[in-house]
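> Take this sequence and fold it.
(chains A, B and C)
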Amino acid sequence: MPELPEVETTLRGILPSIKQQTIAHVVVRDYRLRWPVPANIHLILRNATIDDLWRRGKYVLFKTASGTIIIHLGMSGRLRILTEPSKANKHDHIDIVFHNEKILRFTDPRRFGAFLWVEGDPHQHALLKHLGIEPLTKNFSGKYLLERARNKKMPVKTFIMDHKVVTGIGNIYAVEALFAASVYPMQPANSLSLTQWNNLAKVIKKILRSAIQRGGTTLKDFLNSDGKPGYFSNQLKVYGRANLPCVKCGSLLKSVKLGQRSTVYCAKCQK
DNA sequence: CAGAATACCTGCGGGC
DNA sequence: TGCCCGCAGGTATTCT
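Numbers count the residues shown, from 1 in each chain, chains lettered A, B, ... in the order given. Okay, here's the model as predicted:
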C-alpha cells in the first residue's frame, strides 16, 4: 500500500497527537508481523515518552529515551489516532495508549508490516543501514543517479525502485515518474543519458511532492491517519490504466511484468 | 558478485 | 451462491 507519500502523510497526521506524549500502556493482539513484535514491548514502552518521530524511506521511527520504535507499513499497514477507546477489529494488531488518552492503532491485514525496537542508533539497524538517498533532498539528482547506475544493466524501473539507491519509490510512483519523464521502463539503467537522469530526478521530486500535498494515493483502501483517502489517485496517468488510451498521444497503454510487478507504459511516448 | 525467483499474508474481483 | 485463480501499494531471503 504505502509508498513514500503515504508514509509521509501518515506521519504528519499522527505527529501532533503523539509527539512529546507519554505512553500509558501498549496492547498487542497479534505478534505475528513480518518479524515477531518483541515479546516484552509493553514493558519497554510503559511510561516511555515519544521524544521525536520521523520518516526514513518508508519507515517511521519513534524515539524514546531508551531506544527507538521502527515501524514499516508493508503492503497493507495503517497507523491512525483514536481519540477514544474503540472495539478492535480483526486486523488491529497493536494499540499504543497515551496518558493524553489518545490511542495510536496499527492495523495490517496482510501482516507484511513491522513493529520493532532498537537500542542505540536506529539508523545503524540492519533494515535502515543500507538505505539509499532520500528522494526529496538536494543531493538526489541526475548526477547521483548517473553515478549509481554505472555498470547496472537492470531495467531503469527496477533500478529506481531499489531502496539501496533511493528510498521510498514503489510501483505506483516508479511507473508514473517514468511516464512523466518519457523514459522506457525496460531501458538498461547504465544506458540513460545525464539529460534523462536529470529529467527523471526532477519528475520524481515533483510527483512525490504533489502526492504528499494531496494526501497520497488511495487505490482501494488507503486511508490516512484521519480516515481520509488520498487524492493523488485521480492524478495517475498510467498506473492501473493498462489498455486505456495514453493521455498524451491516445495510443493504448501497454502492460508488462518487471520483477513480478505490473508495469504500465506508453510504447509511443516512452522510448 | 549481480540479478532473478521465492516467500511471507489476507482480501477482492472476475470467470465459471 | 460459491469456488478457484490471479492480483495487490513491499522487501528480505534464497537461488542461480
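
> is any part of stretch A:51-71 close to DNA strand C?
Yes. Using CB under 7 Å from any atom of the strand, stretch A:51-71 comes into contact with DNA strand C via A:Gly57, A:Lys58. Yep, even glycine has a C-beta here, placed from its N, CA and C like the rest.

> Quickly check: that stretch near DNA strand B or not.
No. Judged by CB under 7 Å from any atom of the strand, stretch A:51-71 stays clear of DNA strand B, getting no closer than 14.8 Å.

> what's the first-to-last distance across that stretch?
Stretch A:51-71 has its terminal residues 16 Å apart, counting by CA to CA, to the nearest Å.

> Stretch A:25-36 too?
Start-to-end, stretch A:25-36 (CA to CA) is 19 Å.

> list the buried ones in it?
Within stretch A:25-36, the residues scored as buried using 16 or more other CB atoms under 10 Å are A:Val26, A:Val28, A:Leu33, A:Arg34.

> okay, these in JSON lines with secondary structure and pLDDT next?
As requested, the buried residues of stretch A:25-36 are exported to JSON lines (DSSP: H, G, I helix; E, B strand; the rest coil; pLDDT from 0 to 100):
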{"residue": "A:Val26", "secondary structure": "strand", "pLDDT": "98"}
{"residue": "A:Val28", "secondary structure": "strand", "pLDDT": "98"}
{"residue": "A:Leu33", "secondary structure": "coil", "pLDDT": "97"}
{"residue": "A:Arg34", "secondary structure": "coil", "pLDDT": "96"}
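
> which residue packs closest to the residue of the stretch 151-271 of chain A found nearest DNA strand B, ignoring adjacent ones?
Ranked by CB to the nearest atom of the strand, the top residue of the stretch 151-271 of chain A for proximity to DNA strand B is A:Lys153, at 4.1 Å. Of all residues not flanking A:Lys153 in the chain, A:Pro188 sits nearest, at 4.9 Å (CB to CB, 6 or more residues apart in numbering).

> okay if I get the buried residues of stretch A:25-36 as CSV plus distance to A:His93?
Shown next, in CSV, are these (distance: CB to CB, whole Å):
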residue, distance to A:His93
A:Val26, 11
A:Val28, 7
A:Leu33, 7
A:Arg34, 12
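
> Of the residues you listed, which are in range of DNA strand B?
Answer for the buried residues of stretch A:25-36 near DNA strand B (CB under 7 Å from any atom of the strand): A:Arg34.

> ok, of the buried residues of stretch A:25-36, which one's closest to DNA strand B?
Comparing these against DNA strand B with CB to the nearest atom of the strand picks out A:Arg34 as the nearest, at 6.7 Å.

> tell me the contacts of the closest one?
A:His72, A:Gly74, A:Arg111, A:Phe112, A:Gly113, A:Ala114 (CB atoms under 8 Å, 6 or more residues apart in numbering).

> Stretch A:203-215 vs DNA strand C: in contact?
No. Judged by CB under 7 Å from any atom of the strand, stretch A:203-215 stays clear of DNA strand C, getting no closer than 10.4 Å.

> Show me what counts as buried in that stretch.
Buried positions in stretch A:203-215, judged by neighbour count with 16+ other CB under 10 Å: A:Val203, A:Ile204, A:Lys205, A:Ile207, A:Leu208, A:Ala211, A:Ile212, A:Arg214, A:Gly215.

> OK, now which residue of the stretch 1-150 of chain A is nearest to DNA strand B?
A:Arg110 (3.3 Å).

> ok, the residue nearest to that residue when sequence neighbours are not counted - how many residues close by?
Sequence neighbours aside, A:Ser76 is the residue nearest to A:Arg110 in space, at 4.3 Å (criterion: CB to CB, 6+ apart). Applying other CB atoms under 10 Å, we find 17 residues neighbouring A:Ser76.

> Nothing else from me, thank you.
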